[in-house]
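# Pasting the sequence and the predicted coordinates here, then a few questions.
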Amino acid sequence: MSAKLYALGRWCFRNGGRVLLIWLLALAVLGGAGFALQGRFNDTFEIPGSSSQEALKRLNMTFPQGSALTATAIVVAPDGQDINQLRDEVEALLPEFEQAGIVDEVRSPWFEFVEGQVSDDGRAALVSLTLNVSETPNPEQLAEIVEAGERVQEALPPGSEVVMGGQAFEIELPELSITEAFGVILSFVVLLIMLGSVLAAIIPIVTALLGVAFAMALMLGATGVMEINSVTPMLAVMLGLAVGIDYALFIFSRHRDQLRMGMAAEESMARAIGTAGSAVVFAGITNAIALSGLAIAGIPFLTVMGVFAAIAVAFAVVIALTLLPALGGFLGERMRPKKVRDAMAAGEAPRVRKAMPRNPFSWWVGVTSSHPIATIIAVVAVLGVATAPAANLVLSLPNAGQSPAERSSRIAYDLQAEHFGPGYNAPLVITAGIIGSTDPLGLVDELRTEVEAVEGVDRVVMAVPNQHADTALIQLIPTTASDDPATVGTVERLREVTDSWEESRGIEADVTGFTAVQLDVTSRLGAAVWPFGFLVVGLTLVLLAAVFRSVWVPIKTAVGFLLSVGASFGLTQLVFNEGWFKELINLEKPEAIISFLPILLIGILFGLAMDYEIFIVSRIREEYVHGKSAMDSIRHGFVASGPVVTAAALVMFAVFAFFVPAGMMAIKQIAFALAVGVAIDAFLVRMTLVPAVLALLGDRAWWMPKWLDRALPEFDMEGEVLTKQLALRNWPGTDAVLHAEEVAVEGVLAPVSLQARRGQVVGLVGPLGARTGAALALSGRLAIESGRARVAGALLPESAGAVRRRVDYVDLAGTGDVVAALGRLAPRPGSVVFIDHVDVVGTPAEVRALQGVAELARTNQDFALVCCAGSEGVLTAVTPDDVVAVGAPAQEEVLV
């Protein structure tokens with residue numbers, strides 16, 4: 001992959017104008033389509049298949065008015081007056097609400113079949129509006145209802161108050177403010193310090209914003225064909241900005257380091273895309289997998305959130321790999337540090353620092369690696385204490401009580417809680433099938449009595465059969481609000497009662513309503529956290545074991561990730577549930593935490609944690625592989641990667657943190673948890689705990705059983721294959737299409753060297769396992785233990801896949817028709833053809849077919865032919881130009 005990214009980076013650097021034009025045209029097309037197709041965001045949280053959701057659907061058919069979307073006007077009498085004294089005036093003004101286009105029915109607070117619509121203190125009354133829309137109303141539609149409420153208030157005595165609220169007004173569409181821009185400004189400052197150039201600091205922000213624009217355009221268009229909640233775009237903006245800037249920083253910082261060493265700008269950018277770009281691709285893939293994995297919860301709105309967040313990350317990756325090198329081409333030499341430019345202009349060679357610099361990073365890694373046990377205990381203790389409050393997380397879905405105090409929905413919510421009690425903001429509905437009853441009214445009264453006796457029920461406001469007397473609707477008010485844990489207990493007790501009705505009365509009943517559906521969503525989300533957490537931890541173990549060829553590194557990473565997530569949960573609980581330091585984040589009062597935050601945080605923080613782990617540990621491993629001791633590799637690798645990771649973490653923290661003060665409650669909580677999680681993971685776990693653990697493990701940190709090493713796929717995270725390919729680009733310095741030096745396969749092939757040019761026929765002779773092993777290894781079909789080779793222009797063992805695609809391997813012993821197998825060969829120019837088990841060639845036709853392949857090689861001078869046999873005598877038919885003997889490795893003597 002790194003070689004392809006290297007070529008991509010070079011092409012984009014050379015064709016910057018073309019690349020930029022393609023991206024701008026694509027944005028114009030996608031943006032136009034998005035605005036043309038856009039619909040409305042829908043904050044209806046549902047769980048397909050749940051009892052409450054299915055009951056709500058049935059209710060929509062049998063009792064439509066009972067499941068319709070509603071709004072509520074709370075009318076408060078002037079001080080010192082009773083609302084009942086204003087009954088005539090209020091009822092006379094109700095037609096004002098009917099003038100709003102989406103209002104289907106207006107119900108008076110004094111409607112004879114509904115109780116509890118006038119407060120016990122006599123100060124307030126509730127006017128219920130049934131709407132004729134099934135999805136989130138748009139702002140213009142809601143404005144009509146608000147204007148009607150204002151007209152009613154003006155017509156009532158001075159001091160009266162009419163405020164609109166209810167389900168329809170609980171939707172809070174997120175808006176960007178100037179506060180979020182400060183996060184981008186702080187990111188620019190960090191980039192400026194890191195990259196040392198105003199233009200270089202602006203480009204990552206521009207590319208990140210472009211990626212966000214693409215994701216938003218796609219999302220707008222998708223609202224016309226699918227349901228997307230209002231949190232999704234803000235999450236995509238946050239994540240797209242954060243990873244977009246970080247990915248650009250990783251690539252640009254590598255580019256600038258190479259420019260500092262005197263590398264040509266084009267070559268430097270190509271290498272940066274091939275090396276740091278490989279890590280960016282891996283980081284983006286892990287992010288996308290984790291976010292898409294949110295589908296494990298089986299909740300559509302969460303799946304949609306994860307998918308669009310993953311799309312935002314994907315755009316950030318693709319833009320970083322293509323547009324970034326294109327813009328780097330426009331900058332050219334201006335990205336090179338001025339001192340280096342001046343030195344090169346004067347004909348001086350750039351100074352390359354060989355010794356490890358002395359700076360805060362070298363001091364910090366020295367402290368943590370010199371005292372690993374103390375460091376580990378301190379970090380684990382601090383994060384353990386921070387995690388403890390997570391056990392008391394109070395979760396719920398968004399409600400109007402979490403809206404800003406000046407919003408109409410929040411004012412209505414507070415007035416209802418004040419005059420009627422908190423449960424009025426969380427009404428519940430029970431539906432019961434009563435088609436078999438001979439006395440539906442009497443049965444409904446009996447059911448009502450049983451419901452009123454349930455602990456946690458404040459009152460039943462309505463209990464009636466529908467027009468056909470086949471369904472009963474019981475609307476009740478709990479004693480607690482929807483975000484109070486006690487409401488969950490009330491719903492559970494109600495379900496116990498309704499379940500008993502089937503046995504005692506032969507009727508099916510369900511507890512439903514928007515409050516019950518939201519509680520079921522919260523419950524499903526809580527149940528999905530553990531399976532999703534296990535998925536993420538398992539993914540961590542497998543991916544990092546493959547990347548770092550180590551057992552201990554992935555275990556350490558998984559434990560560190562769990563510590564980061566736990567501490568983030570704990571601190572979020574203290575701030576939002578308990579109200580600690582709430583003034584600092586513009587929080588009015590303690591609130592329940594949005595119920596999808598835990599699973600969302602795990603998914604997002606996993607990807608971000610992997611970014612930092614890869615960039616730090618891969619540099620440490622690189623130093624270790626190149627011969628440094630375990631301790632020196634930790635210190636050199638940390639000093640090399642620490643500044644970049646610090647800058648990346650600061651950028652991400654800034655982006656998330658500035659979404660906290662002015663954001664809607666759901667965004668405020670998500671942004672806070674992510675900001676805290678990123679800070680903890682980057683600075684306490686990756687930059688403190690990681691070097692300490694690696695120092696404690698020493699050489700054992702890089703141990704892996706051979707069987708596991710063979711089983712796991714290999715990932716070229718830091719472009720090691722590309723680096724080797726570039727170093728050996730002129731090796732071996734001949735025109736040979738096959739050149740091997742000391743190639744060996746463990747337990748199969750002893751070291752062997754050979755060479756073949758175009759038009760040559762070479763024989764490989766020896767024991768069956770050795771000669772077949774040599775052919776398979778040199779054709780990219782068997783892992784090479786040691787040595788190196790260039791076959792058909794590709795290096796082994798680094799580019800085995802490319803060799804396999806370019807080289808033919810024919811096993812004559814495994815084919816029923818030798819002549820046909822040889823006749824199917826169509827060698828490409830510059831390739832090699834391996835023919836194994838030549839020993840089976842016996843008939844004149846088979847000999848002629850084999851000779852025909854050899855003659856083709858010699859005549860066309862396009863490819864080399866390698867024939868494998870047990871002895872040289874078998875190869876006389878093809879008259880080889882060279883014969884190389886191969887053998888199995890010597891067996892070690894076992895001392896008994």
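Structure's in. What do you need? Numbering: from 1, shown residues only.

# average pLDDT for the strand or helix carrying Ser633?
In the assignment (DSSP states H and E), Ser633 maps to helix 630-657. The average pLDDT within helix 630-657 is 89.

# Sort out which residues of it are buried, please.
Using 16 or more other CB atoms under 10 Å as the test for burial, helix 630-657 gives 630-631, 633-642, 644-657. Any C-beta I mention is one placed from the backbone N, CA and C, and that applies to glycine too.

# Phi and psi next, for Ala73.
Dihedral angles of Ala73 (phi, psi; degrees, to the nearest 10) stand at phi -110, psi 120.

# what number of residues lie near it?
By other CB atoms under 10 Å, 27 other residues sit near Ala73.

# For it, which non-adjacent residue is closest in space?
Excluding the flanking residues, the one nearest Ala73 by CB to CB, 6 or more residues apart in numbering is Val127, at 4.1 Å.

# Kindly report the same for Phe41.
Leaving out its chain neighbours, the residue that sits closest to Phe41 by CB to CB, 6+ apart is Ser230, at 4.3 Å.

# what about that neighbour, distance to Gly773?
61 Å (CB to CB, to the nearest Å).

# try Ala400
72 Å.

# And the two? Which one has more around it.
Shown here are Ala400 and Gly773; by other CB under 10 Å, Gly773 has more neighbours (26 against 23).

# ok, and what's touching the host helix or strand of that one?
Using DSSP H and E, Gly773 maps to helix 768-778. The contact list for helix 768-778 (CB atoms under 8 Å, 6 or more residues apart in numbering) reads 738, 740, 743, 745, 748-750, 752, 764-766, 782-784, 789, 791, 796, 803, 807, 809, 811, 832, 834, 836-837, 866, 868-870, 886-888.

# Can you flag which of those residues belong to strands?
Among the contacts of helix 768-778, the members found in strands (DSSP state E) are 738, 740, 743, 745, 749-750, 752, 764-765, 789, 791, 796, 809, 811, 832, 834, 836, 866, 868-869.

# which of those count as buried?
Looks like the ones in strands among the contacts of helix 768-778 have 738, 740, 743, 745, 749-750, 752, 764-765, 789, 791, 796, 809, 811, 832, 834, 836, 866, 868-869 buried, using 16+ other CB under 10 Å.

# Low-confidence stretches in the stretch 601-750 of the chain?
When residues are selected by pLDDT under 70, those of the stretch 601-750 of the chain lie in 662-663, 716-721.

# any idea where the strands of it begin and end?
Per DSSP state E, counting those that start in this stretch, the stretch 601-750 of the chain carries strands over the ranges 738-745, 749-756.

# pull the longest helix from the chain.
helix 514-548 (DSSP state H).

# Which other helices and strands does the next helix or strand after it contact?
Tracing the chain past helix 514-548, the next element assigned as helix or strand by DSSP H and E is helix 552-572. Helix 552-572 sits against helix 372-387, helix 514-548, helix 597-625, helix 665-679, helix 690-697, with contacts defined as 3 or more CB pairs under 8 Å, 6 or more residues apart in numbering; DSSP states H and E.

# out of these, nearest to Ala208?
Closest to Ala208 of the helices and strands packed on helix 552-572 is helix 597-625 (CB to CB; 14.6 Å).
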